[in-house]
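S.K.: Could you work out the structure for the sequence below:
(chains A and B)
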Amino acid sequence: DAKTTQPTSMDCAEGRAANLPCNHSTISGNEYVYWYRQIHSQGPQYIIHGLKNNETNEMASLIITEDRKSSTLILPHATLRDTAVYYCIVRTPYGGATNKLIFGTGTLLAVQP
Amino acid sequence: KAGVTQTPRYLIKTRGQQVTLSCSPISGHRSVSWYQQTPGQGLQFLFEYFSETQRNKGNFPGRFSGRQFSNSRSEMNVSTLELGDSALYLCASSLDTSTNEKLFFGSGTQLSVL
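M.R.: From the prediction side, this is the model:
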């Protein structure tokens, strides 16, 4: 079973920041939080990942709470092309099971014009 | 740099038949993993190959099998197809499995079983 809980769907106005929450209260100390998104009829696309510090890249920012039990993915200026299902995944980086991603149901983000 | 390539893009089969799907990873990537996506079950891990060896396997029946070739290309096979095997089959590649590598997914093969 997935170790994360996400809202089923969210709306966001174009040009505004989209804040997608994720709960991972059972995360272990060496597990990373990863975010992928899947645009309709395409394969999932990597967005960002982090362990305990906040992370930022050209696509998004990841804010992880101090107790690491939850995180928020921030798309600073959402566009219509950001409409997708966003998956929050807890992943162990070491050992033989690293690429066995356990996907939950994700959050369908609908960016409205 | 070319992405992960999956062929064919669409496939229609009938119950009882078998099917082979192909995946060409990004050049230099040695790990290939397969996922099944259905509306009811979502994205589920099938198996992963690294250097021609299966490293992990999900909870799927033995009708689902795979292999990886020396050039890292991978194939998955489903025998005795059932209606419930209709799904989007996704392949993902990464450099290796020992570090925090991102997975790069292909666009998938949409399999319809009639």
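S.K.: How about residue 25, nearest residue that isn't a chain neighbour?
M.R.: As the question left the chain open, I've gone with chain A. Excluding its sequence neighbours, the residue lying closest to A:Ser25 (Cβ to Cβ, 6 or more residues apart in numbering or on different chains) is A:Lys69, at 4.5 Å. Yep, even glycine has a C-beta here, placed from its N, CA and C like the rest.
S.K.: Oops, wrong one, chain B.
M.R.: Closest residue to B:Pro25 apart from its sequence neighbours, by Cβ to Cβ, 6+ apart: B:Ser93 at 3.2 Å.
S.K.: what's the answer for B:Ser79, then?
M.R.: Excluding the flanking residues, the one nearest B:Ser79 by Cβ to Cβ, 6+ apart is B:Gln18, at 4.3 Å.
S.K.: same deal with B:Asn56?
M.R.: B:Glu48 (4.4 Å).
S.K.: Am I right that that neighbour sits in a strand?
M.R.: Yes: the assignment for B:Glu48 (DSSP: H, G, I helix; E, B strand; the rest coil) places it in a strand.
S.K.: Now do the contacts for it.
M.R.: By Cβ atoms under 8 Å, 6 or more residues apart in numbering or on different chains, the contact list for B:Glu48 reads A:99-100, B:31-34, B:54-57, B:97.
S.K.: same check, this time on A:His77
M.R.: A:His77 neighbours (Cβ under 8 Å, 6+ apart): A:15-17.
S.K.: and those, which of them are in strands?
M.R.: Judged by DSSP state E, strands contain none of the contacts of A:His77.
S.K.: Walking through chain B, point out its strands one by one.
M.R.: Under DSSP E, chain B gives strands at B:5-7, B:10-13, B:19-24, B:31-38, B:42-50, B:53-57, B:64-68, B:74-78, B:87-94, B:104-105, B:109-113.
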